[in-house]
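**Student:** What shape does this take:
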Amino acid sequence: MLVTDVLKELGYAALEAVDGRSALPILESNTRIDLLVSDVGLPGGMNGRQLAEAARQRRPDLNVLFITGYAEKAAVRRDFLEEGMDMIGKPVALDALAAKIREMIGS
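**Tutor:** Residues are numbered from 1 along each chain as shown. Take a look at the predicted model:
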């Protein structure tokens, strides 16, 4: 909810899902989506990386921003991130989150 609030404050339209599985119908729709923002750890049996893979099957050029409390370097070392993906660690300062979102969306 915090990310949704930040996106709206920045002037972006934001769609929200409670878990990865409920995000799939949104990602499969014709709705314009410029950036997928997801926690790495999600409830409901699908993690953020699995969600990103499913999203990119439908939208191959979709940028993905992961927010995580896990060690960033450990995730990156395991080839967690692909082209068009980035990660920001928790706790995240709102101005840093806003800057990363603007960078990834391309203003």
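**Student:** Please work out how many residues are found near residue 48.
**Tutor:** Per other CB atoms under 10 Å, the neighbour tally for residue 48 reads 23. No exception for glycine: its C-beta is placed from N, CA and C like everyone else's.
**Student:** In three-state terms, how would the closest residue to it other than its chain neighbours be classified?
**Tutor:** The shortest distance from residue 48 to any non-neighbouring residue, by CB to CB, 6 or more residues apart in numbering, is to residue 38 (4.0 Å). State at residue 38, reduced to three classes by DSSP: H, G, I helix; E, B strand; the rest coil: strand.
**Student:** where do the helices sit along the chain?
**Tutor:** 2-9, 20-28, 48-58, 72-77, 94-105 (DSSP state H).
**Student:** any chance of the ones you listed in a markdown table, plus mean pLDDT and distance to residue 86?
**Tutor:** Output for the helices of the chain, formatted as a markdown table (pLDDT from 0 to 100; distance: least, CB to CB, whole Å):
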| stretch | mean pLDDT | distance to residue 86 |
| --- | --- | --- |
| helix 2-9 | 83 | 14 |
| helix 20-28 | 93 | 18 |
| helix 48-58 | 93 | 11 |
| helix 72-77 | 53 | 10 |
| helix 94-105 | 90 | 6 |
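**Student:** Mind checking the ones you listed for the one nearest to residue 65?
**Tutor:** helix 94-105 (5.7 Å; CB to CB).
**Student:** Who does the residue positioned nearest the centre of the chain form a beta bridge with?
**Tutor:** Note on the chain: the residue nearest the mean C-alpha position is residue 37, at 1.8 Å, using CA atoms, centre = their mean. Per DSSP bridges, the residues bridged to residue 37 are residue 65.
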